[in-house]
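Enquirer: Sequence first, then the predicted structure, then my questions.
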Amino acid sequence: MNAELVKWRDSSPDPEKRYISNEFGKMLIKIADKMLHRSEFRNYPKELKEDAKSFFFLKVIKGLKNYNFEFGNPFAYLSTCAWNSFLTVIAKHYKQQNIRRDVMKQLLVDL
């Protein structure tokens with residue numbers, strides 16, 4: 001990633017008042033799309049992928065306020081955030097699906 005593009009649009013000293021540039025937002029979209037096209041995520045439903053993508057954007061934007069871009073490789077940080085957020089969404093989805101299945105089994109047994 002180009003270090004000049006990976007900057008906040010507003011270099012306010014207060015991290016709460018910063019916002020990201022359009023170029024950086026486009027880079028985040030590319031990272032998420034490339035990551036979701038990997039073989040590990042290929043067979044998941046599109047709705048689950050969209051949820052994972054939006055969760056990634058939420059976590060990255062919240063976490064970037066404290067990230068120091070003077071470090072050497074911001075791409076490693078962002079790709080790790082993407083990977084972990086995707087796995088979190090998938091785990092929550094399957095946990096909810098398993099709970100729903102168990103409740104349905106209990107309801108059918110009780111009848």
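Expert: Right, received. Where do you want to start?
Enquirer: Just the pLDDT for H37.
Expert: The predicted local distance difference test score for H37 is 89.
Enquirer: same check, this time on N98
Expert: Per-residue confidence for N98 comes out at a pLDDT of 93.
Enquirer: check which helix or strand covers it.
Expert: Using DSSP states H and E, N98 maps to helix 74-110.
Enquirer: Distance from that helix to the middle of the chain?
Expert: Offset of helix 74-110 from its chain centre (C-alpha atoms, centre = their mean, to the nearest Å): 14 Å.
Enquirer: What residues of that helix count as buried?
Expert: By neighbour count, and taking 16 or more other C-beta atoms under 10 Å as the criterion, the buried residues in helix 74-110 are 74, 78, 81-82, 85-86, 89-90, 93. (Glycine included, C-beta is placed from N, CA and C.)
Enquirer: swap in stretch 30-44?
Expert: Taking 16+ other C-beta under 10 Å as the criterion, stretch 30-44 shows 31-32, 35-36, 41, 44 as buried.
Enquirer: Farthest pair within the buried residues of helix 74-110?
Expert: For these, the farthest-apart pair by C-beta to C-beta is P74 and H93; their separation is 28.6 Å.
Enquirer: re earlier: make TSV from the buried residues of stretch 30-44 and add secondary structure to it.
Expert: Below are the buried residues of stretch 30-44 laid out as TSV (DSSP: H, G, I helix; E, B strand; the rest coil):
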residue	secondary structure
I31	helix
A32	helix
M35	helix
L36	helix
F41	helix
Y44	coil
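Enquirer: Name the nearest of those relative to K105.
Expert: Each of those was checked against K105 using C-beta to C-beta; the closest is Y44, at 24.3 Å.
Enquirer: give me every residue that touches the nearest residue to the closest one once chain neighbours are set aside.
Expert: Taking C-beta to C-beta, 6 or more residues apart in numbering as the measure, Y44 lies nearest to I90, with 6.9 Å between them; neighbours along the chain are not counted. Listed by C-beta atoms under 8 Å, 6 or more residues apart in numbering, the contact set of I90 reads 44, 48, 52.
Enquirer: Now for L58, how many residues are close by?
Expert: Neighbour count of L58, defined by other C-beta atoms under 10 Å: 11.
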